[in-house]
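Undergrad: Based on what follows, work out the 3D shape:
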Amino acid sequence: MTYALSEPLQRAVYDALLSDTALSGLVGANVFDGPLPLEAADLPPDYVTLGGETVKNASNYTNDGAIHDFTVTVHSGAAGFKTSKIIAGAICDVLLDAQLPLSRGQLVYLRFVKARAQSAEAPARRTIALNFRAFVEDTTY
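TA: Okay, the predicted model is just below:
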């Protein structure tokens, strides 16, 4: 097993979300891969954050591999779930079975696992946490 592919996978997911024209039409450049650089009052009405991950060994006799379960969260200031669900759908369109290039190793598959939609405190009145599973293999040797 290796955790060495975690950063390349996260960078590829972030780059894919940030560069997608349909998603950027919904949230602009408001895709965050770390702590938000803004105070709560200055947050955009709709934005996306990459969350935590859990990684499990998926190596075999000939390859080092890992399964990464990670979260992408939609935050929306809209009163209902319509806006956040449209954004969540756009994220799924970008990531489902995507062939994302990694700076190290290869992405074997990327799949949707589950989602949880919730009401939240202002300014993000609605959130949807999307859980994905990626299988990666290290091909550096």
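Undergrad: residues in contact with residue 128?
TA: By CB atoms under 8 Å, 6 or more residues apart in numbering, residue 128 lies in contact with 73-74, 81, 84-85, 87-88, 115-118. In this view, the C-beta of every residue, glycine as well, is placed from N, C-alpha and C.
Undergrad: Could you confirm it falls within a strand?
TA: Yes. Assessed by DSSP: H, G, I helix; E, B strand; the rest coil, residue 128 belongs to a strand.
Undergrad: which of the contacts of residue 128 count as buried?
TA: 73-74, 81, 84-85, 87-88, 115 (16 or more other CB atoms under 10 Å).
Undergrad: three-state assignment of the residue nearest to residue 58 when sequence neighbours are not counted?
TA: Distance criterion CB to CB, 6 or more residues apart in numbering; nearest residue to residue 58, sequence neighbours excluded, is residue 65 at 4.2 Å. Following three-state DSSP, the label given to residue 65 is strand.
Undergrad: hang on, residue 65 packs against residue 134?
TA: No. The pair residue 65 and residue 134 fails to qualify as a contact (CB atoms under 8 Å) at a distance of 10.5 Å.
Undergrad: Which residues outside the helix or strand hosting residue 52 are in contact with it?
TA: If you go by DSSP states H and E, residue 52 is part of strand 46-57. The contact list for strand 46-57, computed with CB under 8 Å, 6+ apart, reads 1, 3, 6, 10, 13-14, 17, 23, 26-27, 30-33, 36, 65-78, 83-84, 87, 91, 124, 129.
Undergrad: May I see the buried residues of the helix or strand where residue 22 lies?
TA: Assessed by DSSP H and E, residue 22 sits inside helix 21-27. For helix 21-27, the neighbour count (16+ other CB under 10 Å) marks 23, 26-27 as buried.
Undergrad: could those residues be laid out in a markdown table, adding distance to residue 106?
TA: Shown next, in a markdown table, are the buried residues of helix 21-27 (distance: CB to CB, whole Å):
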| residue | distance to residue 106 |
| --- | --- |
| 23 | 24 |
| 26 | 30 |
| 27 | 29 |
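Undergrad: At which residues are the helices of this structure located?
TA: For the chain, applying DSSP state H gives helices covering 6-19, 21-27, 82-95.
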